[in-house]
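**Student:** have a look at this prediction, sequence included:
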Amino acid sequence: MGDPDGPDRSGGPARVAGRKGRLAAWVVPCVVAVQVLVPSFLLLSGADRPARFGWHMYSTVPTWPDVTAVHADGTASEFTRRSIRAGRGDVALDDALLDAACRGDRSIVEFHVRRAPDTTDVHRCAGR
């Protein structure tokens, strides 16, 4: 029989704690590696962007095309994000935004939107 006052050689709590520590030493780095490597692979692989509300929803900024506002007197002026007081990078140029700009500045008759080097779309303001 063992000595009740002697050292505990049964492999009790100290031995279990050692196994848990070694397990945690392997599991934690593996989980962290998966958390870093999978999103990095998806981001860098050139695949389609993840769906809206995905893990990097705000990581890209939509490109702002070259937009020219044509006024009733025939003059043209550049239309930028500052023109609509949008300091946010995620504001996209669409028909609703151009319609709102038409309502905001009654002198504008149309917008020329150049999204590609050889493509220009014309957005006419309603009622003008």
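**Tutor:** Received it, and whenever you're ready, just let me know what you need.

**Student:** list the buried residues of the longest strand seen in the chain.
**Tutor:** Identified as the longest strand of the chain according to DSSP state E is strand 108-116. Going by neighbour count (16 or more other Cβ atoms under 10 Å), the buried part of strand 108-116 is Ile108, Val109, Glu110, Phe111, His112, Val113. (Glycine included, C-beta is placed from N, CA and C.)

**Student:** could those residues be laid out in TSV, adding distance to Val32 and pLDDT?
**Tutor:** Converted to TSV, the buried residues of strand 108-116 look like this (distance: Cβ to Cβ, whole Å; pLDDT from 0 to 100):
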residue	distance to Val32	pLDDT
Ile108	53	92
Val109	57	94
Glu110	54	94
Phe111	49	93
His112	50	92
Val113	45	90
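
**Student:** parallel or antiparallel, which strands does the longest strand of the chain pair with?
**Tutor:** Using DSSP bridges, the neighbouring strands of strand 108-116 in the sheet come out as strand 66-71 (antiparallel), strand 119-124 (antiparallel).

**Student:** closest to Asp94 out of the buried residues of strand 108-116?
**Tutor:** Within the set of these, Val113 lies nearest Asp94; the separation is 10.0 Å, counting by Cβ to Cβ.
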